[in-house]
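*Asks:* take this sequence and fold it.
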Amino acid sequence: GADWAGDFVYPDDNFEQRQSPELVADPLATNLVHLDYGAWPFWMMLQRTQGTGVLRSIFAQLQTQRSVAAVNAAIPGGYATQIPLFYLNVFNQSPVGDPDFAVPESFLKWDKWKQTPAVPAAATITLGSQPADTLKLPIQRKDGFPMLSVGAYHRVDIPDPKVREIKFTNDLAGKPGAHVDAMLHMADGTWKLADWSAAKTTTLCRDQADEDVKDLVIVTTNAGITPLSTFTHTLHVAANCPFPKRFDGTWRRTYTWESRGTWNEEITGTASYVRNAAFPPEADSISQVPYDLESGRVKWTVSGVQDAGTSCPTFFSGEGTDTPTVNNSGTPTDLGLENVTGKSGVPDPEPSPFYYSIRASVEPTTDPSYNVTNCDGTAPEGIVLPYLEIGHPGPFTSDVPQDQVQKSANPRLLEGHHVGFNEGGDIRIEDSWSFKGSD
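*Replies:* Sure thing, here's the model as predicted:
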């Protein structure tokens, strides 16, 4: 800590930068634990982000513990938090230090130090004429992967607009101490910081604005106190984003029947649909992909009155809950999703190429009933079905009218609002829905 203390007292002489620059200048060839005076950037980062008191806490821990354990016990979050943050600071160039980034300060701001680390040049991954490609991202150190060290700064440019899916595979997932951060440069010019440590794979879809990455920096660190094995991550890109494995969502459907006065039927529902396993990912670009009902629940109410000004009006009343069924002789209960890009009858270009349908119902013979009350007494009447029916069930063909189609620009978000009528034209139907895809 002596070089840090010297800078703390004499902040403008920058002796420490000239004497011991290696931890920032060449972090991939430097071992933090084996440094002495040269460890000053680590102490500077801690003091600038946590306050001088954190160093007092370290000295207090040294009364009863050896140095490695003492530091881990004293710093907020231990090495698991501070080591990954430190090696982000070591990058010492944009986006690190940008005011709107998750790491808004750097050694350039703290110590007017322009030093940047010696890291390999950025790699470029494109598709060209291929449907997919994979880039290997191996460890960049030559001495293994020591404790409390950085194993790689992988910089990757993705300039090809044909790349839509980006899938990162973490070769260190589940290994104690292993940490992977991704600094993501978005198409709109902003930067995001993502923690990719826990998952074996992380998938981004550039069809979504919040995942439209044009380049990135992947920083792999060992925040543990034992060495890790060497690694080779991979970055896989493809021309299409895979459809999600499931959809979960909610909806509201309202029926109104003008010839029956103020008669009104309200349906609210929730449902989960799971991708049919018979359709592999390759089907996403060539056919409609069906999703089967996993679970669902609806709540319905019927109310209103007909001929309220007469001596014998008719009152409608009832409410209840029900469970949609999968196989029925009326409207099926299912979800279908299709990428119609390039197909006959589709607008060119089609900004929302993901056509879909969502349906939920029960057997007409088992539909719930409500009460119809007038001067002759009270009698049951079956509610109007289906519970939900939006979009034209595919696959899409050129003779399907566009006004029957529901579209989305994002295959993982199916939501909208629609007003229409039943086949007879006497019942008005208003729908609002939102279903989100996930894996």
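*Asks:* any idea where the helices of the stretch 251-400 of the chain begin and end?
*Replies:* Assigned by DSSP state H, counting those that start in this stretch, the stretch 251-400 of the chain shows no helices.
*Asks:* what ranges in it fall below the confidence cut-off?
*Replies:* 327-329 (pLDDT under 70).
*Asks:* how about the stretch 1-150 of the chain?
*Replies:* Looking at the stretch 1-150 of the chain by pLDDT under 70, you get an empty list.
*Asks:* for the strand ranked longest in the chain, which strands pair with it and how are they oriented?
*Replies:* Taking DSSP state E as the criterion, the chain has its longest strand at strand 289-306. Under the criterion DSSP bridges, strand 289-306 sits next to strand 264-275 (antiparallel), strand 314-322 (antiparallel), strand 334-339 (antiparallel) in its sheet.
*Asks:* just the C-alphas of it, formatted as CSV.
*Replies:* What follows is strand 289-306, C-alpha atoms only, in CSV (Å, rounded to 0.1, in the frame of the first residue of the first chain):
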residue,chain,number,x,y,z
VAL,A,289,-44.4,-23.7,-34.8
PRO,A,290,-47.2,-24.9,-32.6
TYR,A,291,-47.3,-24.5,-28.8
ASP,A,292,-49.4,-26.7,-26.6
LEU,A,293,-51.4,-25.5,-23.5
GLU,A,294,-49.5,-26.2,-20.3
SER,A,295,-51.9,-24.5,-17.9
GLY,A,296,-54.6,-21.9,-17.9
ARG,A,297,-57.4,-20.3,-15.9
VAL,A,298,-60.2,-17.9,-16.8
LYS,A,299,-62.7,-15.8,-14.8
TRP,A,300,-65.9,-14.8,-16.4
THR,A,301,-68.9,-12.6,-15.6
VAL,A,302,-72.1,-11.9,-17.4
SER,A,303,-74.4,-9.0,-16.6
GLY,A,304,-77.0,-6.7,-18.2
VAL,A,305,-80.7,-6.2,-18.8
GLN,A,306,-82.8,-6.3,-22.0
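*Asks:* buried ones in it?
*Replies:* Residues Val289, Pro290, Tyr291, Leu293, Gly296, Val298, Trp300, Val302, Gly304, Val305, Gln306 are the ones in strand 289-306 that count as buried (16 or more other C-beta atoms under 10 Å). All C-beta spots, glycine's among them, are computed from the backbone N, C-alpha and C.
*Asks:* which of those sits closest to Gly320?
*Replies:* The shortest gap between Gly320 and any of the buried residues of strand 289-306 belongs to Trp300, at 6.0 Å (C-beta to C-beta).
*Asks:* ok, now how distant is that closest one from Phe247?
*Replies:* According to C-beta to C-beta, to the nearest Å, Trp300 and Phe247 sit 22 Å apart.
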